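Q: below: sequence and its predicted model.
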Amino acid sequence: NAGVTQTPKFRILKIGQSMTLQCAQDMNHNYMYWYRQDPGMGLKLIYYSVGAGITDKGEVPNGYNVSRSTTEDFPLRLELAAPSQTSVYFCASSYDRDGQPQHFGDGTRLSIL
Amino acid sequence: LAKTTQPISMDSYEGQEVNITCSHNNIATNDYITWYQQFPSQGPRFIIQGYKTKVTNEVASLFIPADRKSSTLSLPRVSLSDTAVYYCLVGDRGGNQGGKLIFGQGTELSVKP
């Protein structure tokens, strides 16, 4: 069972570069989420989506963009990478928001130099 | 938003029972208590959830006193593979508050041989 798959696992970017973090789930979940986790800290929500075509901001959306064209995929875009965006990024999904726990991917470790 | 407080770190030895207590003094009447486990380089994983008294599954037990202002995650006979960070969350049955997971710093459990 694949669950939530994130690619790439590691990436180094230069300041000002852009990239897209990929996230795919095969559980037919409606809700998908992007979090970032800084060293020694808990996760902070960046964006989330309640279904294809619908996205909304979380706690720390600045510097990021998302899209949800299909149920399965929820890519996260960094347009102008900054050192403050160095973090581990986790994608998660759940069938609905209120009744089911979230399933997480294994993360993308991103360093911006 | 309900805030949770946990010890930052705990040490244990293989074969011991480990109890991690979480304080949530302003838990709401409808809130559930949810615990996630996070191994290094992996995303968090749901392990147990409860509302009151005691809940047990194949991984852990969760004890919740009558006033629900705290809860205790109990891991029986830990092994080295239980070394992880454990997060306590309060919220709806998905663990959410206002539609999102609120992670604190968690408790870093280190199991030694």
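A: Here it is on my side, so go on.
Q: my reading is that residue B:81 is in a helix; is that accurate?
A: Yes - according to DSSP: H, G, I helix; E, B strand; the rest coil, residue B:81 belongs to a helix.
Q: quick check: closest non-adjacent residue to it.
A: In space, and not counting its chain neighbours, residue B:81 is closest to residue B:111: 8.0 Å by Cβ to Cβ, 6 or more residues apart in numbering or on different chains. Every residue, glycine included, has its C-beta placed from N, CA and C.
Q: try residue A:3
A: Closest to residue A:3 by Cβ to Cβ, 6+ apart is residue A:103, at 5.7 Å.
Q: repeat for residue B:50
A: Sequence neighbours aside, residue B:62 is the residue nearest to residue B:50 in space, at 4.4 Å (criterion: Cβ to Cβ, 6+ apart).
Q: any idea how far chain A is from that neighbour?
A: Per Cβ to the nearest Cβ, to the nearest Å, residue B:62 is found 14 Å from chain A.
Q: who does that residue bridge with?
A: As for beta bridges, residue B:62 partners with residue B:55, residue B:73 under DSSP bridges.
Q: how near is residue A:27 to residue A:42?
A: Using Cβ to Cβ, to the nearest Å, residue A:27 is found at 24 Å from residue A:42.
Q: so who does the residue positioned nearest the centre of chain A touch?
A: Nearest to the mean C-alpha position of chain A, by Cα atoms, centre = their mean, lies residue A:34 at 3.0 Å. Contacts for residue A:34 (Cβ atoms under 8 Å, 6 or more residues apart in numbering or on different chains) come out as A:21, A:23, A:45-48, A:58, A:64, A:66, A:74, A:76, A:89-91.
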